[in-house]
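S.K.: coordinates only, no sequence provided:
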């Protein structure tokens, strides 16, 4: 079989590196380009030392015409704003585009502008599909522009979706308290990710409605619930490199049991190669999914109060970004959904 | 001035070690004994290598008579159950006892037995004062048996107390999502604290009403609020050694502003040498308090939902245990409350 | 093609878990058994949570007859001593055995007994091949009992071998200062690997000729050098889970340049899918090989003294154990040497 | 007693912060100024959040005249180059200066220029004393310009000094393999200290005679040995915040025992409040000294080769920088040498 040719834009960042790692093991893919910006012209072995001795050549500069000629599918790991422009250009040349930035995730243009400012390709916003295969598998299969979800939304939506779908959310604001590894902040050094001030401490950041993943969670949960759901979203920075654990708190309607919720989640995710629903009461650990495209979901009832704790654990760079992009790619190109994504976590 | 002679029981564990570190710098204290159990007879320099070259001699075996003769005040770092028995014996000999175990924290004996089983000294339960100086300074000053609070309760009660006191809790269950460093699990090795399975992952544990610090938080908040308050308490294990960050979610009554809450906290903690209340919107980091007896408190309003995020950050071994015990000791013996506790955090 | 059936003994430890991770992605292998001891009868999903939803069934108890019927090749991750006995039994049933323990690594029985005590299967000692494919590829291809090298020896021998082979070691004792992640200590919790006393500190252990990997390094380097070479071996425990960096110090013979050494290494490892030799002067990072079967090697000349620093970086659980075992397996069964081992490091 | 007024220049960096932490507990000191550069005008509570609620006011801009009026003694934590100029100005105003930069450490001006380039105050080079109290206590007591040693030199010289002094070094190059926490790289974020690429990996850097601490070690050991000693110095970056472990390898002269070396070290450091010499064979852990001004030293003989392993463990920010500066200050001002430095390590 001929391999599908792919180009990775923004290849020198963490999600780009992770795409290389995953796609190098994909039996139906040939990576034809690693495109960077700041690192263009430098040897791949230097920019991404894990590829030394594996991938020869240099990081290329951005050139949409060259990319369009070299690749059938494009993975864009560019920052939001910049990504939309380039994605639009490559879409106009007929390429299938998987955009890992936030540019096409929010269906509502006004909402997008409220959180991100000016949109780089507003005409395309409505043509994109939100690339969470567990919710939008059929749409992804037919889409040409897939907006790969954010890491926090993936970890939060997966445990909440069965509750929303079954009408078990009462419409009051949802507390979503999430904990992320530091790689989510990307490769650019800064005070917030300096080792000495990040190791051995935990802190929240962009709290109380200021983190841009908030509307993404609300969009998907609202759509599933059929009514507006607001989220009180609190991200925390955990001194580890990878992983997101999302802990959501739901006042369960009377009569609904935690076993029903667990069963509903298992039914909903029966078709997914990536989601594992634990028995009620389990506490998933992000270490159990690190390096894999797996999501661990679990529900526990606080019997003293009747509230439900819904947890989701993923690797932010895999199921929260690059692995999920490949999962969308597989769905879109009619390949087995789990192709190149079957590896269990690197544990420990 | 003659120094007050103190004995540390359970000196070879982390809270015992931390008491030694703090009390060695106390101008009014002489440590006369380090008492252990499993390590009795071994050189202190081996058991607690940080004390090598500083504290000579061996760890002593338990001997209440010897301890009563050697010390005016006792710090017990023994496990719950064992602690009550020995504390009772030392109380009967007239010693002032600071118990860092959970044995005397819950005023209601039935509640204690529900969470911990049989009480080792039930007759003393009512004579103990809950050793959170910010709430019970006057009672501590007159008490002979002080139950030093748990680490999670300290981190959670301090930000919640002003809300409870002012009637700003509506009585619905409170979500308290807390994150702790690993030292809270103590010095005994186990699967849950094995480096390779603890580093690079985050997970919750003892969730949904199964963690024994739950009733302690409820007792204090209920007392302050003047009405029963239930807590949905979720502790998480963070891959760092020290620190607790507690994030609580409160639906703020309409008309109450985050500035009012911040001001109320500042007023309430005006007399404390340990509590710092940040400006509204700040995100305290446990690294900012590591190694110190300080508690950082902060409030942020989620304007989209009207909910308040109340955060508290402490070092679990200091303000969450040994430092707080020394703070109680200072209050009890009429010393400056911050004696030996003035050091800022070891940052970074 | 029919898949080769393999059994993993000692599957619940870290090297066992890592074998599962690697072999699940091997196109020519079917894992037919996961055999444990302490965890026999427990669900695999519980014992190895990274396999939850991927590998059904339970961990099996040891039963050589059942294993012999179920598998063509055996990977033993048992502790030394116990491993020899079971390997001997399975060898006697005609199985090809890859032993990850130390039982068959030292060719000299007396030397083995000096370091490890009584040998569990002395008659087999001479029939084993030291499973470092870069040195013994041809012998491994014909062997039925392969002694997979230790992690420190792999990281140390690879950079030293070209020097030994070319006669560039002068016979004086070699300083080998090595740094290992904590997973090398295995899965059993203990004081040495307790998170709170392991994180945020570095220390040496089993120094000055007391670590059992010493004779293994000496055996291989001596054989290559054609003269006795002694090693002053100092392992250190680094607060990270995976990785070994080995730093060796060699007084380079006059006239030999660092470029010659680098070239010699490149020539020697030209056939290996796993070894990458950096340009002279590079500083390999264990993070660049984490999770992969790759070894990064580098040489740097200290021009002020004429000494050479020879560095090697591997993942102790992969190239230092389970990946190397699979590499040996590939060689032995005539498969591509890099089958299932092509993944770059999980970086970051 | 009137307190000695001190100013800290470069107060917003890690060694500046650490000086604040230590000096706030000094009974004979009043900090009158915290002077920064990039952070001038910002609240101290923001720049150094560990001081929030403890030290009011703002970071001040550099102003030598104001500083000279405000302080009797100056601690300079400025970068090398910049430090010399300001130190010279403050010396010219009669102030006692403790310079934590490298500007005055090397006695030989040509050597300084070889490693650091142009010297900012060459005329003062000879007037400075190398501030390692264990070697130069008497000179420090009379000095007005003290060059506080580098962190690696402190950790390396302390174990090597007794060997040099007793003539037990044979003059061949010494292997010094050192491992440092990340705080040694300072507070400015960069690729080398970005959390995601620093955590979970170990690497060497500035190897083979390129690290500027090399000549400092050579200067002191050469002086003690009375003959030129060259050092092959290899620093490594360890994924932890604080601590240096230095491992040096010495071919011990025949007839000299490890006990003699240990005894010699104990004799040499008998007067020091900071150095602890372990029994032969111990493996000091940097965690045992973290946050303290203590140095743990240990010697072990490799009996198979006759080589000695000399280890030293310190906290790079305390005994390797700010604590040592205060120790020098105490010596210079006739205070107890251990004043404000008595705290044991923060363990764990």
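M.R.: Great, that's in hand. Remember, it's a predicted structure, so these values are computed and weren't measured experimentally. Numbering: from 1, shown residues only, chains lettered A, B, ... in the order given.

S.K.: so residue A:34: helix, strand or coil?
M.R.: Following DSSP: H, G, I helix; E, B strand; the rest coil, residue A:34 is assigned to strand.

S.K.: and the residue in the stretch 51-200 of chain A that chain C sits nearest to, how close does it get to residue C:269?
M.R.: The stretch 51-200 of chain A approaches chain C most closely through residue A:53 (3.6 Å), counting by CB to the nearest CB. Quick note: C-beta positions are derived from backbone N, CA and C, even for glycine. Noted for residue A:53: a distance of 10 Å to residue C:269, by CB to CB, to the nearest Å.

S.K.: residue A:63 now?
M.R.: 36 Å.

S.K.: now that residue A:278 has come up, it's in contact with residue A:284, right?
M.R.: Yes: the pair residue A:278 / residue A:284 is scored as a contact, 6.2 Å apart, by CB atoms under 8 Å.

S.K.: what do these two both touch?
M.R.: Listed as contacting both residue A:278 and residue A:284 by CB atoms under 8 Å, 6 or more residues apart in numbering or on different chains are A:296, A:297, A:298.

S.K.: wait, which of those is closest to chain D?
M.R.: The closest of the shared contacts of residue A:278 and residue A:284 to chain D turns out to be residue A:296 (CB to the nearest CB; 21.1 Å).

S.K.: can you confirm that closest one is in a helix?
M.R.: No: applying three-state DSSP, one finds residue A:296 to be strand, outside a helix.

S.K.: and for the residue nearest to it when sequence neighbours are not counted, the neighbour number?
M.R.: Spatial nearest neighbour of residue A:296, chain neighbours left out: residue A:284 (3.7 Å); criterion: CB to CB, 6 or more residues apart in numbering or on different chains. Neighbourhood size, residue A:284 [other CB atoms under 10 Å in any protein chain shown]: 27.

S.K.: enumerate every residue touching residue A:284.
M.R.: Residues in contact with residue A:284 (CB under 8 Å, 6+ apart) are A:245, A:278, A:296, A:297, A:298, A:311, A:312, A:313, B:203.

S.K.: of these, which is the nearest to residue A:114?
M.R.: The nearest member of the contacts of residue A:284 to residue A:114, counting by CB to CB, is residue A:312 at 26.1 Å.

S.K.: A strand includes the closest one, no?
M.R.: Yes: looking at residue A:312 with three-state DSSP, it is inside a strand.

S.K.: got a list of what it touches?
M.R.: A:154-156, A:158-159, A:244-246, A:248, A:284, A:295-298.

S.K.: just the closest of these to residue A:339, please.
M.R.: For those, the nearest to residue A:339 is residue A:295 (17.4 Å; CB to CB).

S.K.: for the residue of the stretch 201-348 of chain A found nearest chain D, phi and psi?
M.R.: Residue nearest to chain D within the stretch 201-348 of chain A: residue A:241 (4.9 Å; CB to the nearest CB). Backbone geometry at residue A:241, expressed as degrees, to the nearest 10, gives phi -80, psi -40.

S.K.: cool, the one 3 residues further on as well?
M.R.: Summarising the backbone geometry of residue A:244 under the convention degrees, to the nearest 10, its torsions are phi -130, psi 130.

S.K.: show me the contacts for the nearest residue to it once chain neighbours are set aside.
M.R.: Nearest residue to residue A:244 in three dimensions, chain neighbours excluded: residue A:155, at 4.3 Å (CB to CB, 6+ apart). Contact analysis of residue A:155 by CB under 8 Å, 6+ apart lists A:178, A:244, A:245, A:246, A:295, A:312, A:313, A:314, A:316, A:320.

S.K.: right, and the residue of the stretch 201-348 of chain A closest to chain D touches residue A:180 too?
M.R.: No: taking CB under 8 Å as the definition, residue A:241 is not a contact partner of residue A:180, at 10.3 Å.

S.K.: quick one: the helices in chain A?
M.R.: Counting by DSSP state H, chain A has helices at residues A:14-23, A:44-47, A:64-70, A:82-92, A:109-116, A:133-142, A:151-165, A:195-198, A:214-225, A:258-268, A:323-332.

S.K.: could you report the neighbour count for whatever residue of the stretch 1-150 of chain A ends up closest to chain D?
M.R.: Using CB to the nearest CB, the closest approach of the stretch 1-150 of chain A to chain D is made by residue A:14 at 7.0 Å. Neighbour count for residue A:14, taken as other CB under 10 Å: 25.

S.K.: interface residues of chain A facing chain C?
M.R.: Contact residues, chain A versus chain C (CB under 8 Å from any CB of the partner chain): A:14, A:17, A:20-21, A:24-25, A:48-54, A:183, A:199-200, A:241-242, A:276, A:278, A:285, A:288-292, A:294, A:296, A:342-348.

S.K.: if we go to 7 Å?
M.R.: With CB under 7 Å from any CB of the partner chain as the criterion, chain A meets chain C at residues A:14, A:17, A:21, A:24-25, A:49-54, A:183, A:200, A:241, A:276, A:288, A:291, A:342-348.

S.K.: buried residues in the helix or strand bottoming out on mean pLDDT in chain A?
M.R.: Across the helices and strands of chain A, the lowest-confidence element by mean pLDDT, DSSP states H and E is helix A:109-116, at a mean of 93. Neighbour counts over helix A:109-116 (16 or more other CB atoms under 10 Å in any protein chain shown) mark A:112, A:115, A:116 as buried.

S.K.: same deal with stretch A:172-179?
M.R.: A:173, A:174, A:175, A:176, A:177, A:178, A:179.

S.K.: hmm, it in reach of chain D?
M.R.: No: applying CB under 7 Å from any CB, one finds stretch A:172-179 separated from chain D by no less than 14.9 Å.

S.K.: what do you get for stretch A:185-199?
M.R.: Yes: counting by CB under 7 Å from any CB, contacts between stretch A:185-199 and chain D involve A:189, A:190, A:191, A:193, A:194, A:195, A:196, A:198, A:199.

S.K.: and that stretch, what's buried?
M.R.: Within stretch A:185-199, the residues that qualify as buried by neighbour count (16+ other CB under 10 Å) are A:185, A:186, A:187, A:189, A:193, A:194, A:195, A:196, A:197, A:198, A:199.

S.K.: need the pLDDT of the fourth one.
M.R.: For residue A:189, the pLDDT comes out at 95.

S.K.: tell me which residues touch it, please.
M.R.: Counting by CB atoms under 7 Å, 6 or more residues apart in numbering or on different chains, residue A:189 touches D:189, D:190, D:191, D:194.

S.K.: what's the farthest-apart pair in those?
M.R.: Every pair of the contacts of residue A:189 checked by CB to CB; the farthest is D:189 and D:191, at 8.7 Å.

S.K.: re earlier: in PyMOL, how would I select the buried members of the contacts of residue A:284?
M.R.: In PyMOL, a selection of the buried entries from these looks like this (16+ other CB under 10 Å):
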select buried, (chain A and resi 245+278+296+297+298+311+312+313) or (chain B and resi 203)
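
S.K.: with that, I have no additional questions.
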